[in-house]
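Student: How does the following fold in three dimensions:
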Amino acid sequence: MTAPAPAPAPARAPGPGRNLKRRRLRWPVLVALTLVGVAILTVLSTPRTSRVPLAPDNPHPDGARAAAQILRREGVDIATASTTAAAVSVTPAGGTIFVTEPRWLRPEQWDALAATGADLVITDVAFADLAPLTEALVPTGAGSDGEREAACEDPDAVAAGTLATGSGDVRATGPSAVVCFPSGDDPTVGAYATLVEDGRRISVLGNDRPFTNAALAEAGNAALVLRILGRTEHLTWYIPSPDDTGETVGSLLPPGAEAVGLWALLVAGVAMLWQGRRLGRVVVEPLPVVVKAAETTLGRARLYRRAADHGHAAAALRAGSASRLATRLGVPPSAGADALVDALARATGRPAADLAPLLYGPSPGDDAELLALVHALDTLEAEVTRR
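Tutor: You can find the predicted model right below:
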(Lines give C-alpha, C1' and ligand atoms only; values in the text may rest on other atoms or scores of the structure.)
Protein backbone atom coordinates (compact mmCIF):
# COMPACT_ATOMS: atom_id res chain seq x y z
CA MET A 1 0.00 0.00 0.00
CA THR A 2 1.17 3.46 -0.83
CA ALA A 3 1.23 6.07 1.85
CA PRO A 4 -1.42 8.77 1.48
CA ALA A 5 -0.20 12.02 -0.03
CA PRO A 6 0.42 14.71 2.54
CA ALA A 7 -2.23 17.41 2.74
CA PRO A 8 -1.22 20.74 1.23
CA ALA A 9 -0.01 23.29 3.74
CA PRO A 10 -2.52 26.04 4.40
CA ALA A 11 -1.74 29.35 2.67
CA ARG A 12 -0.18 31.87 4.96
CA ALA A 13 -2.09 35.04 5.35
CA PRO A 14 -0.07 38.15 4.67
CA GLY A 15 1.31 39.57 7.83
CA PRO A 16 0.56 43.08 9.07
CA GLY A 17 3.99 44.29 8.07
CA ARG A 18 3.41 43.43 4.41
CA ASN A 19 0.06 45.23 4.33
CA LEU A 20 1.63 48.27 5.94
CA LYS A 21 4.33 48.41 3.25
CA ARG A 22 1.70 48.18 0.53
CA ARG A 23 -0.29 51.02 2.02
CA ARG A 24 2.84 53.15 2.30
CA LEU A 25 3.76 52.57 -1.34
CA ARG A 26 0.24 53.12 -2.67
CA TRP A 27 0.18 56.92 -2.47
CA PRO A 28 3.66 57.53 -3.91
CA VAL A 29 2.84 55.25 -6.85
CA LEU A 30 -0.49 57.01 -7.43
CA VAL A 31 1.20 60.42 -7.30
CA ALA A 32 3.92 59.29 -9.72
CA LEU A 33 1.36 57.87 -12.16
CA THR A 34 -0.67 61.09 -11.95
CA LEU A 35 2.39 63.24 -12.69
CA VAL A 36 3.33 61.02 -15.65
CA GLY A 37 -0.23 61.26 -17.01
CA VAL A 38 -0.27 65.04 -16.64
CA ALA A 39 3.11 65.30 -18.39
CA ILE A 40 1.90 63.14 -21.29
CA LEU A 41 -1.29 65.15 -21.67
CA THR A 42 0.68 68.40 -21.58
CA VAL A 43 3.04 67.20 -24.30
CA LEU A 44 0.20 65.95 -26.47
CA SER A 45 -1.90 69.10 -26.04
CA THR A 46 0.97 71.54 -26.62
CA PRO A 47 1.02 72.70 -30.26
CA ARG A 48 4.26 71.91 -32.01
CA THR A 49 5.99 75.09 -33.08
CA SER A 50 9.42 76.05 -34.31
CA ARG A 51 11.75 79.04 -34.49
CA VAL A 52 12.75 78.52 -38.13
CA PRO A 53 12.33 81.82 -40.01
CA LEU A 54 9.34 81.83 -42.38
CA ALA A 55 8.27 78.34 -41.29
CA PRO A 56 4.52 77.58 -41.39
CA ASP A 57 4.62 76.42 -37.74
CA ASN A 58 6.58 79.42 -36.42
CA PRO A 59 4.26 81.73 -34.41
CA HIS A 60 6.96 84.33 -33.75
CA PRO A 61 7.28 87.62 -35.67
CA ASP A 62 9.71 86.14 -38.22
CA GLY A 63 7.52 83.08 -38.82
CA ALA A 64 4.69 82.55 -41.29
CA ARG A 65 2.19 80.60 -39.23
CA ALA A 66 -0.56 83.18 -39.73
CA ALA A 67 -0.48 82.85 -43.52
CA ALA A 68 -0.37 79.04 -43.30
CA GLN A 69 -3.40 78.89 -40.98
CA ILE A 70 -5.45 81.15 -43.25
CA LEU A 71 -4.55 79.08 -46.31
CA ARG A 72 -5.55 75.86 -44.55
CA ARG A 73 -8.91 77.36 -43.56
CA GLU A 74 -9.43 78.21 -47.23
CA GLY A 75 -8.92 74.57 -48.19
CA VAL A 76 -5.29 74.63 -49.31
CA ASP A 77 -3.42 71.41 -48.52
CA ILE A 78 0.02 72.38 -47.17
CA ALA A 79 2.95 69.97 -47.02
CA THR A 80 6.33 70.98 -45.61
CA ALA A 81 9.70 69.87 -46.95
CA SER A 82 13.30 70.56 -45.95
CA THR A 83 15.02 68.83 -48.88
CA THR A 84 14.65 69.03 -52.61
CA ALA A 85 13.88 65.34 -52.85
CA ALA A 86 11.08 65.65 -50.31
CA ALA A 87 9.64 68.72 -52.06
CA VAL A 88 9.60 66.92 -55.39
CA SER A 89 8.03 63.76 -53.93
CA VAL A 90 5.12 65.50 -52.13
CA THR A 91 4.23 67.97 -54.92
CA PRO A 92 1.44 66.71 -57.18
CA ALA A 93 0.90 67.82 -60.74
CA GLY A 94 -0.67 71.26 -60.81
CA GLY A 95 0.56 72.20 -57.35
CA THR A 96 2.65 75.09 -56.04
CA ILE A 97 6.10 75.06 -54.43
CA PHE A 98 6.99 77.93 -52.10
CA VAL A 99 10.81 78.32 -51.80
CA THR A 100 11.84 80.38 -48.76
CA GLU A 101 15.67 80.17 -48.86
CA PRO A 102 16.67 80.07 -52.54
CA ARG A 103 20.26 81.12 -51.92
CA TRP A 104 21.09 77.54 -50.82
CA LEU A 105 19.92 75.90 -54.04
CA ARG A 106 22.32 74.62 -56.69
CA PRO A 107 21.52 74.36 -60.42
CA GLU A 108 20.63 70.65 -60.21
CA GLN A 109 18.14 71.42 -57.44
CA TRP A 110 16.48 74.13 -59.54
CA ASP A 111 16.26 71.60 -62.38
CA ALA A 112 14.55 69.09 -60.08
CA LEU A 113 12.00 71.66 -58.91
CA ALA A 114 11.32 72.80 -62.48
CA ALA A 115 10.81 69.21 -63.59
CA THR A 116 7.74 68.91 -61.33
CA GLY A 117 5.85 71.33 -63.58
CA ALA A 118 4.44 73.06 -60.46
CA ASP A 119 4.09 76.80 -60.04
CA LEU A 120 6.95 78.37 -58.09
CA VAL A 121 6.77 81.15 -55.51
CA ILE A 122 10.22 82.36 -54.48
CA THR A 123 11.16 84.96 -51.89
CA ASP A 124 14.27 86.50 -50.31
CA VAL A 125 16.32 86.29 -53.50
CA ALA A 126 18.94 88.91 -52.60
CA PHE A 127 21.81 86.36 -52.69
CA ALA A 128 20.14 83.76 -54.91
CA ASP A 129 21.07 82.76 -58.45
CA LEU A 130 17.87 82.39 -60.48
CA ALA A 131 19.68 81.80 -63.78
CA PRO A 132 19.27 77.97 -63.66
CA LEU A 133 15.51 78.49 -63.35
CA THR A 134 14.87 81.53 -65.58
CA GLU A 135 16.92 84.23 -67.27
CA ALA A 136 14.03 86.69 -67.32
CA LEU A 137 14.48 87.78 -63.67
CA VAL A 138 17.63 88.94 -61.89
CA PRO A 139 17.81 89.84 -58.17
CA THR A 140 19.25 93.30 -57.59
CA GLY A 141 19.58 93.36 -53.78
CA ALA A 142 18.61 97.05 -53.87
CA GLY A 143 15.33 98.75 -53.02
CA SER A 144 13.98 100.61 -50.02
CA ASP A 145 11.78 99.80 -47.05
CA GLY A 146 8.21 101.05 -46.82
CA GLU A 147 4.90 100.88 -48.67
CA ARG A 148 4.81 100.84 -52.47
CA GLU A 149 2.02 101.14 -54.99
CA ALA A 150 1.33 98.25 -57.39
CA ALA A 151 1.88 100.32 -60.57
CA CYS A 152 1.24 97.28 -62.80
CA GLU A 153 -1.62 95.29 -64.30
CA ASP A 154 -1.00 91.95 -62.57
CA PRO A 155 -4.34 90.89 -60.96
CA ASP A 156 -2.72 89.78 -57.69
CA ALA A 157 -0.78 93.02 -57.30
CA VAL A 158 -3.82 95.11 -58.27
CA ALA A 159 -5.89 93.29 -55.61
CA ALA A 160 -3.23 94.08 -53.01
CA GLY A 161 -2.99 97.74 -53.99
CA THR A 162 0.05 98.46 -51.85
CA LEU A 163 2.85 96.33 -50.42
CA ALA A 164 4.79 96.90 -47.20
CA THR A 165 8.16 95.35 -47.93
CA GLY A 166 11.82 95.63 -47.10
CA SER A 167 14.90 96.08 -49.23
CA GLY A 168 15.47 93.67 -52.08
CA ASP A 169 14.15 94.05 -55.62
CA VAL A 170 13.94 92.03 -58.81
CA ARG A 171 14.84 93.23 -62.32
CA ALA A 172 13.09 91.99 -65.44
CA THR A 173 15.46 91.39 -68.37
CA GLY A 174 12.75 90.86 -70.96
CA PRO A 175 9.14 91.66 -71.80
CA SER A 176 7.84 88.28 -70.57
CA ALA A 177 7.97 89.32 -66.90
CA VAL A 178 5.56 91.72 -65.18
CA VAL A 179 7.19 93.85 -62.48
CA CYS A 180 5.10 95.45 -59.71
CA PHE A 181 5.67 97.68 -56.68
CA PRO A 182 8.65 99.61 -58.09
CA SER A 183 10.91 101.52 -55.72
CA GLY A 184 11.96 104.16 -58.26
CA ASP A 185 11.34 105.44 -61.73
CA ASP A 186 12.57 102.28 -63.48
CA PRO A 187 9.48 100.16 -64.27
CA THR A 188 11.62 97.05 -64.81
CA VAL A 189 12.73 96.92 -61.15
CA GLY A 190 10.32 96.21 -58.30
CA ALA A 191 9.60 94.20 -55.18
CA TYR A 192 7.44 91.63 -56.99
CA ALA A 193 7.65 90.08 -60.42
CA THR A 194 5.81 87.27 -62.16
CA LEU A 195 5.99 85.46 -65.48
CA VAL A 196 4.79 82.28 -67.17
CA GLU A 197 7.38 79.95 -68.72
CA ASP A 198 6.80 76.43 -70.08
CA GLY A 199 3.25 76.48 -68.71
CA ARG A 200 4.56 77.23 -65.19
CA ARG A 201 3.90 80.45 -63.28
CA ILE A 202 6.91 81.87 -61.44
CA SER A 203 6.29 84.56 -58.79
CA VAL A 204 9.24 86.23 -57.09
CA LEU A 205 9.30 88.59 -54.10
CA GLY A 206 12.68 90.12 -53.46
CA ASN A 207 12.07 90.42 -49.73
CA ASP A 208 10.31 87.95 -47.40
CA ARG A 209 8.81 90.54 -45.04
CA PRO A 210 5.26 90.38 -46.52
CA PHE A 211 5.01 86.67 -45.58
CA THR A 212 5.93 87.13 -41.90
CA ASN A 213 3.49 87.16 -39.00
CA ALA A 214 4.69 90.64 -38.07
CA ALA A 215 3.90 92.22 -41.44
CA LEU A 216 1.13 90.10 -42.93
CA ALA A 217 -1.58 92.55 -41.83
CA GLU A 218 0.30 95.62 -43.14
CA ALA A 219 -0.88 97.36 -46.33
CA GLY A 220 -1.92 94.76 -48.95
CA ASN A 221 0.56 92.08 -47.87
CA ALA A 222 -2.10 89.53 -46.92
CA ALA A 223 -3.96 89.92 -50.23
CA LEU A 224 -0.85 89.36 -52.33
CA VAL A 225 0.60 86.54 -50.19
CA LEU A 226 -2.64 84.55 -49.95
CA ARG A 227 -3.41 84.91 -53.66
CA ILE A 228 -0.02 83.73 -54.92
CA LEU A 229 0.31 80.92 -52.34
CA GLY A 230 -3.30 79.81 -52.59
CA ARG A 231 -3.54 79.73 -56.38
CA THR A 232 -3.64 75.89 -56.39
CA GLU A 233 -5.17 73.34 -54.03
CA HIS A 234 -1.80 71.94 -52.95
CA LEU A 235 1.10 73.99 -51.58
CA THR A 236 4.55 72.57 -50.79
CA TRP A 237 6.29 74.77 -48.23
CA TYR A 238 9.96 74.18 -49.02
CA ILE A 239 12.59 75.53 -46.59
CA PRO A 240 16.05 74.67 -47.97
CA SER A 241 19.09 74.43 -45.73
CA PRO A 242 22.88 74.07 -46.16
CA ASP A 243 22.61 70.37 -45.24
CA ASP A 244 20.20 69.85 -48.13
CA THR A 245 22.69 71.25 -50.62
CA GLY A 246 25.66 69.35 -49.22
CA GLU A 247 27.60 72.59 -48.67
CA THR A 248 28.63 71.75 -45.11
CA VAL A 249 31.92 72.34 -43.35
CA GLY A 250 32.78 68.67 -43.65
CA SER A 251 32.28 68.68 -47.39
CA LEU A 252 34.72 71.58 -47.79
CA LEU A 253 37.54 69.76 -45.98
CA PRO A 254 40.06 67.62 -47.87
CA PRO A 255 39.82 63.81 -47.71
CA GLY A 256 41.14 62.39 -44.46
CA ALA A 257 40.64 65.64 -42.54
CA GLU A 258 38.15 64.06 -40.14
CA ALA A 259 40.58 61.28 -39.19
CA VAL A 260 43.40 63.78 -38.68
CA GLY A 261 41.12 65.96 -36.53
CA LEU A 262 40.12 63.03 -34.31
CA TRP A 263 43.76 62.00 -33.94
CA ALA A 264 44.71 65.60 -32.99
CA LEU A 265 41.97 65.68 -30.35
CA LEU A 266 43.18 62.39 -28.91
CA VAL A 267 46.78 63.61 -28.74
CA ALA A 268 45.67 66.87 -27.10
CA GLY A 269 43.64 64.95 -24.50
CA VAL A 270 46.60 62.69 -23.66
CA ALA A 271 48.90 65.72 -23.40
CA MET A 272 46.51 67.46 -21.01
CA LEU A 273 46.26 64.37 -18.81
CA TRP A 274 50.04 63.98 -18.87
CA GLN A 275 51.12 67.57 -18.28
CA GLY A 276 47.99 68.94 -16.60
CA ARG A 277 48.31 70.14 -13.04
CA ARG A 278 46.61 67.99 -10.46
CA LEU A 279 44.70 70.00 -7.91
CA GLY A 280 44.79 68.53 -4.42
CA ARG A 281 42.79 69.46 -1.38
CA VAL A 282 42.88 73.03 -0.13
CA VAL A 283 45.72 73.69 2.30
CA VAL A 284 45.43 76.52 4.82
CA GLU A 285 48.72 78.36 5.25
CA PRO A 286 49.38 80.83 8.06
CA LEU A 287 50.17 84.40 7.06
CA PRO A 288 53.87 85.23 7.42
CA VAL A 289 53.16 88.59 9.06
CA VAL A 290 50.03 89.89 10.77
CA VAL A 291 49.71 93.64 10.31
CA LYS A 292 47.45 95.49 12.71
CA ALA A 293 44.75 97.73 11.29
CA ALA A 294 46.16 100.76 13.13
CA GLU A 295 49.56 100.28 11.53
CA THR A 296 47.98 100.02 8.09
CA THR A 297 46.09 103.25 8.68
CA LEU A 298 49.23 105.06 9.86
CA GLY A 299 51.24 103.78 6.92
CA ARG A 300 48.64 104.99 4.44
CA ALA A 301 48.48 108.37 6.20
CA ARG A 302 52.27 108.76 5.93
CA LEU A 303 52.07 107.99 2.21
CA TYR A 304 49.38 110.65 1.74
CA ARG A 305 51.48 113.15 3.68
CA ARG A 306 54.67 112.40 1.77
CA ALA A 307 52.84 112.82 -1.55
CA ALA A 308 50.94 115.91 -0.31
CA ASP A 309 47.78 114.19 -1.51
CA HIS A 310 45.25 116.20 0.46
CA GLY A 311 42.38 115.11 -1.80
CA HIS A 312 42.66 111.38 -1.12
CA ALA A 313 43.26 111.95 2.58
CA ALA A 314 40.19 114.16 2.86
CA ALA A 315 38.11 111.65 0.89
CA ALA A 316 39.11 108.85 3.26
CA LEU A 317 38.29 110.95 6.32
CA ARG A 318 34.93 112.04 4.96
CA ALA A 319 34.01 108.48 3.92
CA GLY A 320 34.80 107.15 7.38
CA SER A 321 32.83 109.91 9.10
CA ALA A 322 29.86 109.49 6.77
CA SER A 323 29.77 105.73 7.40
CA ARG A 324 29.88 106.14 11.19
CA LEU A 325 27.31 108.93 11.19
CA ALA A 326 24.94 106.98 8.96
CA THR A 327 25.16 103.98 11.27
CA ARG A 328 24.53 106.16 14.30
CA LEU A 329 21.48 107.84 12.75
CA GLY A 330 20.05 104.70 11.15
CA VAL A 331 20.48 105.89 7.58
CA PRO A 332 20.81 102.85 5.24
CA PRO A 333 23.95 102.55 3.10
CA SER A 334 21.82 102.68 -0.06
CA ALA A 335 20.52 106.15 0.82
CA GLY A 336 22.05 109.07 -1.00
CA ALA A 337 24.00 112.04 0.28
CA ASP A 338 20.87 114.19 0.65
CA ALA A 339 19.28 111.67 3.03
CA LEU A 340 22.34 111.66 5.28
CA VAL A 341 22.62 115.47 5.27
CA ASP A 342 18.92 115.82 6.17
CA ALA A 343 19.32 113.34 9.03
CA LEU A 344 22.36 115.24 10.34
CA ALA A 345 20.48 118.54 10.15
CA ARG A 346 17.64 117.13 12.25
CA ALA A 347 20.07 115.61 14.77
CA THR A 348 22.35 118.63 15.26
CA GLY A 349 20.07 121.53 14.45
CA ARG A 350 22.55 122.87 11.94
CA PRO A 351 21.47 124.05 8.49
CA ALA A 352 21.83 121.46 5.78
CA ALA A 353 23.68 124.03 3.67
CA ASP A 354 26.51 124.01 6.27
CA LEU A 355 26.70 120.23 6.61
CA ALA A 356 26.79 119.28 2.94
CA PRO A 357 30.12 121.05 2.17
CA LEU A 358 31.61 119.45 5.27
CA LEU A 359 31.00 115.88 4.04
CA TYR A 360 30.87 116.39 0.29
CA GLY A 361 32.70 119.66 -0.31
CA PRO A 362 35.85 120.42 -2.27
CA SER A 363 39.22 118.96 -1.36
CA PRO A 364 41.49 120.98 0.98
CA GLY A 365 44.42 122.67 -0.64
CA ASP A 366 47.04 122.44 2.12
CA ASP A 367 47.77 120.90 5.52
CA ALA A 368 46.00 123.68 7.41
CA GLU A 369 42.72 123.18 5.53
CA LEU A 370 43.01 119.40 5.99
CA LEU A 371 43.55 119.83 9.73
CA ALA A 372 40.55 122.17 9.93
CA LEU A 373 38.45 119.55 8.14
CA VAL A 374 39.57 116.89 10.66
CA HIS A 375 38.51 119.08 13.59
CA ALA A 376 35.17 119.88 11.96
CA LEU A 377 34.41 116.19 11.35
CA ASP A 378 35.40 115.28 14.92
CA THR A 379 33.09 118.00 16.27
CA LEU A 380 30.21 116.79 14.09
CA GLU A 381 30.62 113.19 15.21
CA ALA A 382 30.80 114.29 18.84
CA GLU A 383 27.54 116.23 18.51
CA VAL A 384 25.76 113.23 17.03
CA THR A 385 27.26 110.84 19.58
CA ARG A 386 26.09 113.01 22.52
CA ARG A 387 22.59 113.10 21.06
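Student: Residue 337 against residue 360, yeah?
Tutor: Yes. Checked against Cβ atoms under 8 Å, the pair residue 337 and residue 360 is within contact range at 5.5 Å. Using the backbone N, CA and C atoms, a C-beta is placed for each residue, glycine as well.
Student: Please list all residues in contact with the residue nearest the centre of the chain.
Tutor: Among the residues of the chain, the one closest to the centroid is residue 51, at 10.0 Å (Cα atoms, centre = their mean). Counting by Cβ atoms under 8 Å, 6 or more residues apart in numbering, residue 51 makes contact with 58, 60, 63.
Student: Quick one, which of these are buried?
Tutor: 58, 63 (16 or more other Cβ atoms under 10 Å).
Student: any chance of the contacts of residue 51 in a markdown table, plus secondary structure, distance to residue 154 and pLDDT?
Tutor: Formatted as a markdown table, those follow (DSSP: H, G, I helix; E, B strand; the rest coil; distance: Cβ to Cβ, whole Å; pLDDT from 0 to 100):
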| residue | secondary structure | distance to residue 154 | pLDDT |
| --- | --- | --- | --- |
| 58 | coil | 28 | 94 |
| 60 | coil | 31 | 94 |
| 63 | coil | 27 | 94 |
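Student: What is the nearest of the contacts of residue 51 to residue 324?
Tutor: residue 60 (55.5 Å; Cβ to Cβ).
Student: show me the contacts for the closest one.
Tutor: So, once contact is read as Cβ under 8 Å, 6+ apart, residue 60 ends up touching 51, 213.
Student: How about residue 125, nearest residue that isn't a chain neighbour?
Tutor: residue 139 (4.2 Å; Cβ to Cβ, 6 or more residues apart in numbering).
Student: burial of residue 263, as a residue count?
Tutor: Other residues near residue 263 number 10, with proximity taken as other Cβ atoms under 10 Å.
Student: Show the model's pLDDT score for it.
Tutor: Note for residue 263: predicted pLDDT of 81.
Student: helix, strand or coil for it?
Tutor: What DSSP: H, G, I helix; E, B strand; the rest coil gives for residue 263 is helix.
Student: Touching, residue 231 and residue 95? I think so.
Tutor: No. Using Cβ under 8 Å, residue 231 makes no contact with residue 95, being 9.7 Å away.
Student: joint contacts of the two?
Tutor: Counting by Cβ under 8 Å, 6+ apart, the residues touching both residue 231 and residue 95 are residue 119.
Student: neighbour-wise, which of those two wins?
Tutor: Between residue 231 and residue 95, counted using other Cβ under 10 Å, the more crowded position is residue 95 (19 against 16).
Student: Would you map out the domains in the protein?
Tutor: The chain is divided into the following domains under automatic domain parsing: 65-243, 293-386.
Student: Those: lowest mean pLDDT?
Tutor: Across those, the lowest-scoring stretch is domain 293-386, with a mean of 83.
Student: can you give me the offset of that domain from its chain's centre?
Tutor: Mean-position distance between domain 293-386 and its chain equals 49 Å (Cα atoms, centre = their mean, to the nearest Å).
Student: And it, end to end?
Tutor: One end of domain 293-386 sits 27 Å from the other (Cα to Cα, to the nearest Å).
Student: Run a quick neighbour tally on residue 233.
Tutor: 13.
Student: I'd say it and residue 74 touch.
Tutor: No. Contact criterion Cβ under 8 Å: residue 233 and residue 74 do not qualify, at 10.0 Å.
Student: In a helix, residue 141, correct?
Tutor: No. Assessed with three-state DSSP, residue 141 is coil; it does not lie in a helix.
Student: Since that was my last question, I'll sign off now.
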